[in-house]
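> Have a look at this prediction, sequence included:
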Amino acid sequence: MIGRRAAAVPLLFLLAPAIQPQDAALTRLKQAVEAIDAGQPSTALAVLAPLARRYPALADYFAFWTAQAHVAAKDNVAAVKAVEPVLRQSPESPLAGRAALLAAAALLDLNNPQGAITMLARVAEPRLPQPGSLAVLAQAREQVGDQVAAAIAWQTVFFSYPVSQEAKEAAAALARLEAALGASYPPPMPSSRFERAERLIGARRYADARAEYFGMIPLLEGSSREFARVRAAATLHRGRKDQDADAELQNLDIQDTEANAERLHWLAATARRLDRLPSMESALAELARSAPESPWRLRALVSAGDGYLVENRQAEYLPHYEACASVFPGEARAAYCHWKVVWASWLARSPQAADLFKKHLLQFPSSEKAGAALYWLSQSALSSGDPAAARDYLAELNRHFPNFFYSVLARQILSQPGMQNGPKTSTAQPFLASLKLPARERSPDFTTSPAALVRIDRARLLRSAGLEQWAETELRFAARNGDSPWALAMELSETAASRRDFARSIRYIIGTVPGYLFLPRDAAPARFWRLAFPFPFRAAIEKYARERSIDPYLLAALIRQESVFDPAAVSPVGAIGLTQIMPTTGRSLARRLKLGYRTAYLKRPDYNLRLGTFYLGNLIASFDGRVEDALAAYNAGPSRPPKWRQWGEFRDAQEFVETIPFTQTRDYIQIILRNADIYRWLYAGTSAPPETVGSEPAPKRIVKKPAGKSAKKPAKKSTKRSSRKKKK
C-alpha cells in the first residue's frame, strides 16, 4: 500500500476489482447514462441493474443513475428508495448533494414536504447544488405551513442568485408570502439587498442593479441608505454612462464619511474616464482631507496613478503611488504602488535604486515583484563591479522562483564563464539572510494515500466506460476534500488530456496545485510538467513556425497563453482559435495568404496556425527581430511598442518589458518567454508524434491570374486585439 497516511478505508472500496479498460460491460454503462439523457429510462434500468452487481466500487453512481431513471419514468417512490446507497456511503459520495436534491424533489411530487426537508438535511449544506436545493426547501417549508421559513429560503434564492431561473420563481413566491404574512413577513437584511445588486453588476446587468438600488433606498436608513444612493449613481459609470454618472454623483449630499469616500472615488474614476484630470485631482484632494485612510482612497490613488502611468506622466503618477504605499502599507496594492516608485528610480539611474529594491523585499516579501527585485539587485551589483553579490542574488532568485521569467534570465547569467568563481561569501549574504520570503512547496509528494487511491481507481473505471466527465467529478471531489493533491492533479489532468481537452487538463493542474511553478524542475515527474505544458498540434506548429522563422517553442508558449490549446476558444472580445485571431483580422490575413475565408475556419487548428504564424512572423520582422516588442504588439496592438520605446534609454529588453504600463501586456510577455524556456527544456531533442491536426481539410489557396504586369502592393499591417485572463 502506497501513501503518506495509513488512513482507514471501507472494506467495500478496498475490495474494488482491478480496472479492466477493455471490459465490454463498461461500454454498456455509458449507453445506460446516455439513455437516461435521451428519455429512455426503461432501457437504462435494464442495463444498470446487472452492471451494479458487477461493479460494487461504483455503487453510489449506479444508485444515482438508477434514481434518475426512475424519476424519468415518473416512479418517484422507487427514485427515493434508490438514492439510499448514495447517502449512506462512507466516505462521502461526490453525488450526495445531487442525490439529496433529486430525492427531495421526488418527495415533493409525492406530497411529502416534510420528507423533502428531512432529505435535504441529510447532506451538509455546502454539498447541496444551489439554488435548486434552496428552491425545493422553500417549497417544502411553505407546504408544511412554515411560511416564515419559506420566505427566508426564497429570499436567499432571490438575493444571492438573481440571474437564475429559480430567482423568477422566488419573486413570485415572495410576493405571495408577503401578502399572506403581512406584518409577520421577515424583512430582508440590507446586506442581502446589496448582495443582489452587486451580483447583477457582476452579470453586467447595470440597469437592473440601478433599479435594485433605487428600490431599496426608501427601505433603508442611515449609512446604508447613503451607500445605496452612491452605488445607484455608480452603476451609470460601470455601464459607461459617465456624463450622467458625474452629474448624479456631484449632486448627492452624503453625510456618512465612508459613503462620501466611496462617492469621491467614483467621481475620480468618472473624471478620469472623461479626461477631466483637474476634477479627478479635486476628488482625490477631498479624499485625502476627509477620509485619508479609507480603502476608497486607496482605490482612487491606484486608479489615478495608473491613468498617468499609461501616458508616462511621471511627475503626476509618482505622488499617487507614493501615497498609496506609505498610507496603506499593509494592503496588497501597496506592494504594487511601491514597485512603481522603485522602478522609476531604477530607470532614472538613481543611486538609491538598489536600496529601494531591498526595501521592497523587506517590506513586501510576498510581492509579485519579489523575484524581479532580486534580479535587478543582481544587475545593480554587476554594474557596481560586485559579481559575487550578483551571483548570490541570482542564486536566491533561482531557488525561490525557479519557473518565472526572471529566473530564466538568472540561469542564463549564472551559466556564463566566471560567474561561479570568486569568493564564497559576498556583501549580499547578510541581506539575503534577513529576508523572510514566503515558504513554498519544494518537495511535493506524488504518492497517493489509500483514500485517494480508491478515488483514482473509481475514476479510472468511469474513464474506461467512456464517462470522462463523471471521472473528473470523482477526482475533483477528492482534490477538494482529501489529501494527495499532487497525485490527484496529475490524474485529473490525464483524464482531460486523454480526450484531448488540453485546456481543461492544464487548468486542472493550475486549480488543484496552484503553487506548482515554485517547484524545482527536478521535484516533479517529467510527465507532470508535460501535462502542465502539453505540446498538441506539434507537427503543424513546427511546420508553420519554420516557414515564418519563428521559434516553435515560442509559438507553443504563445498558444498556451492565448487559448490553452483549445481550437474552439473564443475570447470575450471575439478572438478565435489557437492563436486567438479576430474575425476581421482573419479575413485580412486570409486575403494576403490567398486563402478562402469563413469565420468558422478560425476554429480549424491548421488554418488558424497558418494565419497566426504569418501574423506573428510579420510582427517580429517589423520590429527588427525584437521578440518582446512583437509580443507586446500581439497583445496590445502594433502602435504601442514604438510609443513605449520612446519612454527611456533602455539598456536591454528586460528593462523595456518591465516598463510596459499595461500589467496584462507585461505579464503576457514575461509568461510567454518563461513558457518558451519550459517548452525548450521539455521537448528539445524529441520528435513530434504523428497526429491529425484538423477534422476538415484546409480551404484551398486562391490563385488569381494577373491580367498583365502589376507591382506588388506593400503588405498592410493588421491589428489583432483580444482580451485574456492571466494564466500561469
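Perfect, thanks for sending it. Numbers count the residues shown, from 1 in each chain.

> Could you use CA atoms for every contact and neighbour count after this?
Will do.

> What count of nearby residues applies to the closest residue to Ser133 other than its chain neighbours?
Nearest residue to Ser133, sequence neighbours excluded (C-alpha to C-alpha, 6 or more residues apart in numbering): Leu101, at 5.8 Å. Each residue near Leu101 was counted by other C-alpha atoms under 10 Å, and the total is 23.

> now do Val230
Other residues close to Val230 by other C-alpha under 10 Å number 24.

> With Trp647 instead?
14.

> Which secondary structure state is assigned to it?
Three-state assignment for Trp647 (DSSP: H, G, I helix; E, B strand; the rest coil): coil.

> Distance of it relative to Pro641?
Counting by C-alpha to C-alpha, to the nearest Å, the separation of Trp647 from Pro641 is 10 Å.

> With Glu547 instead?
For Glu547, the distance to Pro641 equals 25 Å [C-alpha to C-alpha].

> Just confirm the residue nearest to Ser133 is within a strand.
No - per three-state DSSP, Leu101 lies outside any strand segment and is helix.

> and Glu547 and Pro641? which has more neighbours close in?
Higher neighbour count among Glu547 and Pro641: Pro641, with 20 against 12, using other C-alpha under 10 Å.

> average pLDDT across the helix or strand harbouring that one?
For Pro641, the enclosing helix or strand under DSSP states H and E is helix 640-645. Mean pLDDT, computed over helix 640-645, is 97.

> which residues touch the closest residue to Leu558 other than its chain neighbours?
In space, and not counting its chain neighbours, Leu558 is closest to Ile672: 5.6 Å by C-alpha to C-alpha, 6+ apart. Neighbouring residues of Ile672 by C-alpha atoms under 8 Å, 6 or more residues apart in numbering: Leu554, Ala557, Leu558, Gln561.

> Quick one: the strands in the chain, in order.
Assigned by DSSP state E, the chain shows no strands.

> which secondary element of it has the worst mean pLDDT?
helix 11-14 (a mean of 37; mean pLDDT, DSSP states H and E).

> got the residue ranges for the helices in the stretch 401-550 of the chain?
405-414, 429-434, 450-464, 468-481, 485-498, 502-512, 526-532, 538-547 (DSSP state H, counting those that start in this stretch).

> so where's the stretch 151-300 of the chain uncertain?
In the prediction, the stretch 151-300 of the chain carries no residues with pLDDT under 70.

> I misspoke; the intended subject was the chain.
Using pLDDT under 70, the chain drops low at 1-23, 690-728.

> quick one, domains of it?
Under the assignment automatic domain parsing, the domains of the chain span 13-198, 199-328, 450-532, 538-683.

> And the shortest one, end to end?
Translated: domain 450-532. Terminal residues of domain 450-532 are spaced 25 Å apart (C-alpha to C-alpha).

> starting at the chain centroid, how far to that domain?
When C-alpha coordinates are averaged (C-alpha atoms, centre = their mean, to the nearest Å), domain 450-532 and its chain have centres 17 Å apart.

> likewise the last one?
Using C-alpha atoms, centre = their mean, the distance from the centre of domain 538-683 to the centre of the chain it belongs to is 20 Å.

> what's the spacing between Ser191 and Gln143?
When Ser191 is compared with Gln143 (using C-alpha to C-alpha), they lie 28 Å apart.

> Which one of those two is surrounded by more residues?
Per other C-alpha under 10 Å, whichever of Ser191 and Gln143 has more neighbours is Gln143, with 16 against 11.

> for that one, what are its contacts?
Taking C-alpha under 8 Å, 6+ apart, we find Gln143 in contact with Pro113.

> Contact partners for the closest residue to Pro85 other than its chain neighbours?
Spatial nearest neighbour of Pro85, chain neighbours left out: Asp60 (5.8 Å); criterion: C-alpha to C-alpha, 6+ apart. Going by C-alpha under 8 Å, 6+ apart, Asp60 touches Val83, Pro85, Val86, Gln89, Ser93, Leu95.

> Throw those residues into TSV and include distance to Thr270 and neighbour count, thanks.
As requested, these are exported to TSV (distance: C-alpha to C-alpha, whole Å; neighbours: other C-alpha atoms under 10 Å):
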residue	distance to Thr270	neighbour count
Val83	55	26
Pro85	58	18
Val86	54	24
Gln89	56	15
Ser93	50	21
Leu95	48	20
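
> Just the closest of these to Ala228, please.
Closest approach to Ala228 among the contacts of Asp60 (C-alpha to C-alpha): Leu95, at 40.5 Å.

> Would you agree the closest one is in contact with Trp65?
No - look at Leu95 against Trp65 with C-alpha atoms under 8 Å: they stay out of range, at 10.2 Å.

> overlap in contacts of the two?
Common neighbours of Leu95 and Trp65 (criterion: C-alpha under 8 Å, 6+ apart): none identified.

> what's the distance between the residue nearest to Ser133 and Ala78?
On the measure of C-alpha to C-alpha, Leu101 and Ala78 end up 15 Å apart.

> And for Ser191?
42 Å.

> same check, this time on Ser326
Ser326 is 66 Å from Ala78, by C-alpha to C-alpha.

> So for these two, which residue has more residues nearby?
Counting neighbours by other C-alpha under 10 Å for Ser326 and for Ala78 shows that Ala78 has the greater number, 18 against 12.

> which residues sit in contact with the more buried one?
Taking C-alpha under 8 Å, 6+ apart as the contact definition, Ala78 lies against Ala67, His70.

> again, but for Val408
Applying C-alpha under 8 Å, 6+ apart, we find Val408 in contact with Pro402, Arg674, Asp677.

> Report the contact partners of the last one.
So that's Asp677. Residues in contact with Asp677 (C-alpha under 8 Å, 6+ apart) are Val408, Tyr553.

> one more time with 10 Å
Neighbouring residues of Asp677 by C-alpha atoms under 10 Å, 6 or more residues apart in numbering: Asn403, Phe404, Phe405, Val408, Tyr553, Leu554, Ala557, Ile671.

> Throw the residues you listed into TSV and include distance to Leu492, thanks.
TSV is the format used below for the contacts of Asp677 (distance: C-alpha to C-alpha, whole Å):
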residue	distance to Leu492
Asn403	22
Phe404	24
Phe405	27
Val408	29
Tyr553	25
Leu554	27
Ala557	22
Ile671	24
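
> Could you single out the nearest of those residues to Pro605?
Ala557 (15.6 Å).

> what about Glu281, neighbour count?
Close neighbours of Glu281, defined as other C-alpha under 10 Å, add up to 17.

> still on that earlier bit, what lies in contact with the helix holding Pro641?
Surrounding helix 640-645, the residues in contact under the criterion C-alpha under 10 Å, 6+ apart are 310-312, 623, 628-633, 656-657, 659-661.

> Now with 6 Å, please.
Asp629 (C-alpha atoms under 6 Å, 6 or more residues apart in numbering).

> Could you do stretch 173-181 as well?
Tyr185.

> How about it, which residues are buried there?
Ala173, Leu174, Leu177, Glu178 (16 or more other C-alpha atoms under 10 Å).

> Go through those and flag which are in helices.
Ala173, Leu174, Leu177, Glu178 (DSSP state H).

> and the two most separated of the residues you listed?
For these, the farthest-apart pair by C-alpha to C-alpha is Ala173 and Glu178; their separation is 8.6 Å.

> could you measure Arg411 against Asp37, distance?
Computed as C-alpha to C-alpha, the Arg411 to Asp37 distance reads 54 Å.

> Please disregard the earlier target; I meant Gly574.
Using C-alpha to C-alpha, Gly574 is found at 32 Å from Asp37.

> As a markdown table, the contacts of Ile672 with neighbour count and distance to Ser449 would be great.
Shown next, in a markdown table, are these (neighbours: other C-alpha atoms under 10 Å; distance: C-alpha to C-alpha, whole Å):
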| residue | neighbour count | distance to Ser449 |
| --- | --- | --- |
| Leu554 | 21 | 38 |
| Ala557 | 26 | 34 |
| Leu558 | 25 | 37 |
| Gln561 | 22 | 33 |
